[in-house]
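1. What follows is a predicted protein model with its sequence.
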Amino acid sequence: MAEIKFEEALKKLEKIVEELEQGDLSLDEALKKYQDGIELSRLCSARLENAKKKIDVLAKNKKGDFELKPLEEETDTQR
Amino acid sequence: MDGDRHIFSVTEITQGIKFILGQQFSSVWVEGEISNFRPSSSGHWYFSLKDDASVLSGVIFSRTGKEVPFKLEDGLKVICFGSIDVYAPRGSYQLIIERIEPKGIGSLQLALEQLKVKLEKEGLFAREHKKPIPYLPAKIGVVTSATGAAIKDILKVLDRRFKDVHIVIAPVKVQGDGAKEEIAAAIRDFNAYNEACEARDRVEVLIVGRGGGSIEDLWAFNEEVVARAIFASKIPVISAVGHERDVTISDLVADLRAATPSVAAEIVIPLREDLREQLEGLYLRMRNSFTGILTEAAQSREEALRRIKMGMEHIWQLNRQGLEGLAAKLLRVNPSLVIPEYINKIRECARQISVRVEHIIALKESRFGGVIEKMASLNPLNILSRGYSVTFLLPEEKIVKNAEDAKAGSVIRTKLSNGGLISTITEVLPDGGNKV
């Protein structure tokens, strides 16, 4: 759950809300969904308030593979 | 007559014409409409310039042609600069063109218009090729100058907005020599990067652009190579060329056009406040629907209980008679009622058996009684009672059956019906003796 993207979490949450609203879940299922939903909305809201921007440069290494390098002027603020 | 005549050879007169025309028309501007345009395999362009009444042959050698930004085609009105030359082997003259430009419009502009028409025909601007711009992309690729205004604007937007995004910059030249190639290559690089990495690490959208400038400064974004790279990109592309008045070819090919890099960033990076509201909305909807489900579940439980009760009664009513019938039947087949009956039967059987046995025993006993009487009649004691006696030789107590068993002088005991006699034999009488 920690590695989930904000967008994925939001989508999952939307799906849960829709499923709950359709109302053809058993009580057990609904409870499970609700718990997951609470967890997701907590996660989203934490991500929303505490996220740090991340800026990289697309570069090619010696082998010719692409890699992402931190942008020079941003490295100090990134820590 | 012949002495007065000056006779030119064909070559001489051709040389003369060539000389005169060359002198007279060595640097001329000619306006006309292109017709019969024929590019040769060697790269030279042959065509005619015409107006209402006349036609002039023209040629642009490949060396000059490479500098011409727009495409020559029949019907195009042009102004040419060059010199008239005579082609001796054919005896024809033609305009050798050094410069050519479209009439009434700049070359670049014409080139742009021509490229637009060409790409339009190929379907590069078609709506069906437009890819949707992802909502909330986690990774955003930016193709622009590392030092230009565009990237600064984008990062500023990021500061104001939702920060949980990953910006990846491919720094390129955005104007001057090599700009178009670098821009096109960067777009391809992002696509190659995506091919090589896992789905969740992919760049989800590209912003391709630069800050504002003159139309010449923006020209790289009008180039075919850039247009084709944008069209070929599997990653959705937002064009962001900071020039609102002119629409570049990149704008037309891109999946979405943003007027400036800031606008592009605002399109893909939502406001935190909006997301917060969206989250809250979802949370409320979730809570409400869950509460609804809970209430409904509680109600339906009671309802179910009520129904069960009602249903049971109904069933009871309906089936009461049937039930009673069944109960009676059940009672009838109840084994606890059947068993005593069998026990009785068994007892009866036993009784009958015992009666028979007693009878048989009685029968047997009566028969046995006869035997006993018979046996009793055979009892030697009974014989004694009829006056017989038994003689035992003493001391052996051996029954004396023959006279020879005893001798005179032997002691004998005679058993009578009651009591006995001890005697001494005085004489033994052999068998057939009359005295016995």
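-> Cool, got the structure. In this text, all values refer to a predicted model and were calculated from it rather than measured experimentally.
2. Tell me where the longest strand sits in chain A.
-> Secondary structure assigned by DSSP state E gives strand A:54-60 as the longest strand of chain A.
3. All the helices of the chain, residue numbers only.
-> Defaulting to chain A. Applying DSSP state H to chain A gives helices spanning A:6-22, A:27-50, A:75-78.
4. try chain B instead
-> In chain B, the helices defined using DSSP H lie at B:10-24, B:62-65, B:107-122, B:149-160, B:179-196, B:224-232, B:249-253, B:261-268, B:272-332, B:335-378, B:380-385.
5. can I get those in TSV with mean pLDDT and distance to chain A?
-> Just so you know, the C-beta spots here come from the backbone N, C-alpha and C atoms, and that holds for glycine as well. Shown next, in TSV, are those (pLDDT from 0 to 100; distance: least, C-beta to the nearest C-beta, whole Å):
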stretch	mean pLDDT	distance to chain A
helix B:10-24	93	56
helix B:62-65	92	36
helix B:107-122	88	27
helix B:149-160	87	5
helix B:179-196	94	4
helix B:224-232	95	15
helix B:249-253	93	19
helix B:261-268	90	11
helix B:272-332	77	4
helix B:335-378	67	45
helix B:380-385	63	106
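6. would you turn those helices into JSON lines with mean neighbour count?
-> Shown next, in JSON lines, are the helices of chain B (neighbours: other C-beta atoms under 10 Å in any protein chain shown):
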{"stretch": "helix B:10-24", "mean neighbour count": "12"}
{"stretch": "helix B:62-65", "mean neighbour count": "14"}
{"stretch": "helix B:107-122", "mean neighbour count": "16"}
{"stretch": "helix B:149-160", "mean neighbour count": "18"}
{"stretch": "helix B:179-196", "mean neighbour count": "20"}
{"stretch": "helix B:224-232", "mean neighbour count": "21"}
{"stretch": "helix B:249-253", "mean neighbour count": "24"}
{"stretch": "helix B:261-268", "mean neighbour count": "23"}
{"stretch": "helix B:272-332", "mean neighbour count": "13"}
{"stretch": "helix B:335-378", "mean neighbour count": "10"}
{"stretch": "helix B:380-385", "mean neighbour count": "13"}
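7. Any chance of a markdown table for those helices, columns distance to residue B:134?
-> Putting the helices of chain B into a markdown table (distance: least, C-beta to C-beta, whole Å) gives the following:
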| stretch | distance to residue B:134 |
| --- | --- |
| helix B:10-24 | 66 |
| helix B:62-65 | 44 |
| helix B:107-122 | 25 |
| helix B:149-160 | 17 |
| helix B:179-196 | 13 |
| helix B:224-232 | 17 |
| helix B:249-253 | 19 |
| helix B:261-268 | 8 |
| helix B:272-332 | 15 |
| helix B:335-378 | 78 |
| helix B:380-385 | 137 |
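8. how about the longest strand of chain A: buried residues?
-> Residues of strand A:54-60 classed as buried by neighbour count (16 or more other C-beta atoms under 10 Å in any protein chain shown): A:54-58.
9. With just CA atoms, put it into PDB.
-> The C-alpha trace of strand A:54-60 is given here as PDB (Å, rounded to 0.1, in the frame of the first residue of the first chain):
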ATOM      1  CA  LYS A  54      10.800  15.600  -7.600                       C
ATOM      2  CA  ILE A  55      12.600  16.900 -10.700                       C
ATOM      3  CA  ASP A  56      14.900  14.800 -12.800                       C
ATOM      4  CA  VAL A  57      16.700  15.000 -16.100                       C
ATOM      5  CA  LEU A  58      16.400  12.300 -18.700                       C
ATOM      6  CA  ALA A  59      19.900  11.200 -19.600                       C
ATOM      7  CA  LYS A  60      21.700   8.400 -21.400                       C
END
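10. quick one: contacts of that strand?
-> Strand A:54-60 has contacts (C-beta atoms under 8 Å, 6 or more residues apart in numbering or on different chains) with A:66-71, A:74, A:78, B:141, B:146, B:155, B:165-171, B:186, B:189-190, B:193.
11. what does chain A put close to chain B?
-> A:5-7, A:10, A:13-14, A:16-17, A:20-21, A:23, A:25, A:27, A:30, A:33-34, A:37-38, A:41, A:44-45, A:47-48, A:51-58, A:60, A:65-66, A:68, A:71 (C-beta under 8 Å from any C-beta of the partner chain).
12. Excluding covalently adjacent residues, which one is nearest to residue 37?
-> Let's take chain A. With C-beta to C-beta, 6 or more residues apart in numbering or on different chains as the criterion, residue A:37 has its nearest non-adjacent residue at 4.3 Å, and that residue is residue A:16.
13. oops, chain B please
-> Closest to residue B:37 by C-beta to C-beta, 6+ apart is residue B:47, at 4.2 Å.
14. and the one you found, how far is that from residue B:71?
-> 12 Å (C-beta to C-beta, to the nearest Å).
15. swap in residue B:406?
-> Taken as C-beta to C-beta, the span from residue B:406 to residue B:71 is 178 Å.
16. Which one's more surrounded, the two?
-> residue B:406 (17 against 14; other C-beta atoms under 10 Å in any protein chain shown).
17. wait, isn't that one in contact with residue B:428?
-> Yes - counting by C-beta atoms under 8 Å, residue B:406 touches residue B:428, with 6.3 Å between them.
18. what about the residue of chain A found nearest chain B, neighbour count?
-> In chain A, no residue comes nearer to chain B than residue A:51, which is 3.5 Å away by C-beta to the nearest C-beta. A count of nearby residues for residue A:51, using other C-beta under 10 Å, gives 14.
19. The closest residue to it other than its chain neighbours: neighbouring residues, count only.
-> Of all residues not flanking residue A:51 in the chain, residue B:164 sits nearest, at 3.5 Å (C-beta to C-beta, 6+ apart). Neighbour count of residue B:164, defined by other C-beta under 10 Å: 22.
20. Residue B:164: what's it in contact with?
-> Residue B:164 makes contacts with A:6, A:47-48, A:51, B:138, as judged by C-beta under 8 Å, 6+ apart.
21. buried subset of those?
-> Here, 16+ other C-beta under 10 Å leaves A:6, A:47-48, B:138 buried among the contacts of residue B:164.
22. Show the model's pLDDT score for residue B:69.
-> Residue B:69 is assigned a pLDDT of 85 by the prediction.
23. Thought residue B:113 was touching it, still the case?
-> No - the criterion here is C-beta under 8 Å, and residue B:69 misses it with residue B:113 at 11.4 Å.
24. ok, back up a step: which residues pair with the residue nearest to residue B:37 across the strands?
-> As for beta bridges, residue B:47 partners with residue B:58 under DSSP bridges.
25. so what's it up against?
-> B:34-38, B:58-59, B:72, B:74.
26. In TSV, list those along with distance to residue B:401 and pLDDT.
-> Shown next, in TSV, are the contacts of residue B:47 (distance: C-beta to C-beta, whole Å; pLDDT from 0 to 100):
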residue	distance to residue B:401	pLDDT
B:34	179	94
B:35	180	93
B:36	179	93
B:37	175	94
B:38	175	94
B:58	184	95
B:59	182	95
B:72	175	90
B:74	176	91
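27. Show me the two of those residues that sit farthest apart.
-> For the contacts of residue B:47, with distances taken as C-beta to C-beta, the pair at the greatest spread is B:59 and B:74 (15.7 Å).
28. Fine by me, thanks again.
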